[in-house]
Structures are given as C-alpha cells and as structure tokens.
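just need the structure, nothing else, for what follows:
(one chain, ligands or ions: 2)
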Amino acid sequence: MRKPDGKIVLLGDMNVGKTSLLQRYMERRFADTVSTVGGAFYLKQWRSYHISIWDTAGREQFHGLGSMYCRGAAAVILTYDVNHPQSLVELEERFLGLTETASTDCLFAIVGNKVDLSEEGASEGCETEGASPGPAGGSAPSKGPRQVRLEEAVALYKKILKYKMLDEKDMPAAEQMCFETSAKTGHNVDLLFETLFDMVVPVILRQRAQGPPQTVDISRYKPPERTKSGCCA
Ligand SMILES: Nc1nc2c(ncn2[C@@H]2O[C@H](COP(=O)(O)OP(=O)(O)OP(=O)(O)O)[C@@H](O)[C@H]2O)c(=O)[nH]1
Ligand SMILES: [Mg+2]
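Ligands and ions are numbered 1, 2, ... in the order given. Coordinates of the predicted model:
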C-alpha cells in the first residue's frame, strides 16, 4: 500500500457525528454507528495524492490518543453538534490542545453537524433560550431552534488563529473554514471534505519540500544517558 501523502484528522466530542460524516462522504450512506474506540482511517485519492482521513474517539477515556493521531496532520476538522453548545465549548477546552503535534502550517476547519435536527435559518441570530433539542444522536420528534450560531464557530476559528499565533492574512478566511453539515442528509458534506482536500495539497507540497515526514523511527532510538540529577517516577 502506498504511504499517504497527507493526513486530515477529525476531532470533537462523542456523539457529534464524526464517524457519520466520514461514512457519509466515503461510503455515501448514513448508517448506524457505534461509538468509536481509539481511531480508524480511510484513504482517499484526491488528484494524484493519497490522503488519510482519521476518525478519532470523542470519549474522554481515549483523550490521550488524540495528539498521537494529530501528529503531522495537514488539516484538522474540529466537529461540534449545532444542537449542543457544550460540544463547541469542548473544542476549545479539550480538543484544541491536542493539535500541538500537527504540522506547523496545519489548516483548521470547524464543522457544526446535525443541522437537520434544527430549524433552518435559526442560526441567523435567533434567540435560543428555552429550546429543547432532541437528545444527541436520537431522532428528535420536532425541530427546535438552532442552539449554536455559525457566528460562534467563526469566532472560535479566529480565536484559534490567535492561539496558534497565525496571521489571519496568511490563512483561509473564517467564512471559508466554518461549515454546517448534516451527515444524515449529506448537506455540505462533499463541500467540506473536497474544499479541504484542495487546500491540503499545497500543505503536502510544502511538507515534502521541508524533508521527511514527522514519524518516529524507534529502531534508531537511543535511551538518554542517566545523569546524577535524572529522576524516575
Ligand atoms: N440527525 C442526525 N443524526 C446524526 C448526524 N450525524 C450523526 N448522527 C447520529 O449521532 C449519533 C452519533 O454519531 P457518530 O457518528 O457515531 O458520532 P461520533 O462523533 O463518531 O462519536 P464518537 O465515536 O463516540 O466520538 C449516531 O446515532 C448518528 O446516527 C446528523 O447529521 N443528523
Ligand atoms: Mg465515532
């Protein structure tokens, strides 16, 4: 099997629909999922490049693995559920820190999934108080107003650029990198992945120009010499 040229990683809280988005794009279907254990990847050929797309587990107990999956990533898709504001908060509080191991010119997309569960247009600055969306992942009996507005994702994107000390001028515009999707209906799913593939190609080319990929060759690992002051747990 040919080694992937670049890597995209999906991160986000459990139940937001990471596996479903990937399944929708790669297998063109919306089917039952089980909560992801560890991580899994698909390989996508895009033009002459092979891109691996990694699905990760949102469950707290697998949190430690996240930064390993992000190692050398050319793009990270931070996913939340538009009906669960806490899932957007978690992106900043729990998942952003995992991207330290990504490529230095890693791209970030912010994706609000499950838009099919809330009323269309409700994201246009509507009041969300008192709304009662269905349980995450369940089939809501009726649509409630959108709980997270697109503007909030745009604000998070801009915050991420600041946190990463990236100049807004050098990065794609927030409006281009914040998506609202439905893995169930397929809304914006192709747009999300294919926009990213096109953007990732120049990152891959830059990574190639910079030298070998960021992998660890354990056969060359030499344990550090013990020093007097060195301590062990
Ligand atoms: N209505 C609706 N349900 C969705 C959508 N995407 C996912 N779901 C449902 O939400 C639940 C969780 O979806 P998953 O794709 O397994 O979520 P995940 O983010 O991969 O969760 P973890 O693997 O635990 O991190 C499942 O019951 C899905 O069928 C969507 O766009 N609309
Ligand atoms: Mg999953």
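
and the pLDDT at the residue minimising distance to the centre of the chain?
In the chain, the C-alpha nearest the mean C-alpha coordinate belongs to residue 77, at 2.2 Å (C-alpha atoms, centre = their mean). Looking at residue 77, its pLDDT reads 98.

helix or strand for residue 29, just tell me which one.
Remark: residue 29 resides in no helix or strand, with elements defined by DSSP states H and E.

quick one: contacts for it?
residue 23 (C-beta atoms under 8 Å, 6 or more residues apart in numbering). All C-beta spots, glycine's among them, are computed from the backbone N, C-alpha and C.

separation between it and residue 45?
Plainly put, residue 29 is 20 Å away from residue 45 if you go by C-beta to C-beta, to the nearest Å.

again, but for residue 37
27 Å.

buried set for stretch 161-168?
By 16 or more other C-beta atoms under 10 Å, the buried positions in stretch 161-168 come out as 161, 166.

what comes into contact with the host helix or strand of residue 153?
Per DSSP H and E, residue 153 falls inside helix 150-163. Residues outside helix 150-163 that contact it (C-beta under 8 Å, 6+ apart) are 78, 80, 88, 91-92, 96, 108, 110, 112, 123, 125, 167-168, 171, 174-175, 177-178, 180.

continuing past that helix, what's the next helix or strand?
Next element after helix 150-163 (DSSP H and E): helix 174-177.

at the contact with ligand 1, which residues of the chain appear?
Contact residues (C-beta under 6 Å from any ligand atom) of the chain with ligand 1: 12, 14-20, 33, 35-36, 57-59, 113-114, 116-117, 137, 182-184.

out of the residues you listed, which sit inside helices?
18, 19, 20 (DSSP state H).

mind listing residues that contact stretch 66-76?
So stretch 66-76 is contacted by 6-11, 39, 51, 54, 56, 95, 97-103, 105-109, 196, 199-200, 203-204, 207, 213-215 (C-beta under 8 Å, 6+ apart).

what is the longest helix that the chain contains packed up against?
When the chain is parsed with DSSP H, its longest helix is helix 189-210. The helices and strands touching helix 189-210, judged by 3 or more C-beta pairs under 8 Å, 6 or more residues apart in numbering; DSSP states H and E, are strand 6-12, helix 18-27, strand 39-46, strand 49-56, strand 75-81, strand 107-113.

try 6 Å this time
Applying 3 or more C-beta pairs under 6 Å, 6 or more residues apart in numbering; DSSP states H and E, we find helix 189-210 packed against helix 18-27.

for the helix it packs on, list every residue counted as buried.
Neighbour counts over helix 18-27 (16+ other C-beta under 10 Å) mark 18, 19, 20, 21, 22, 23, 24, 25 as buried.
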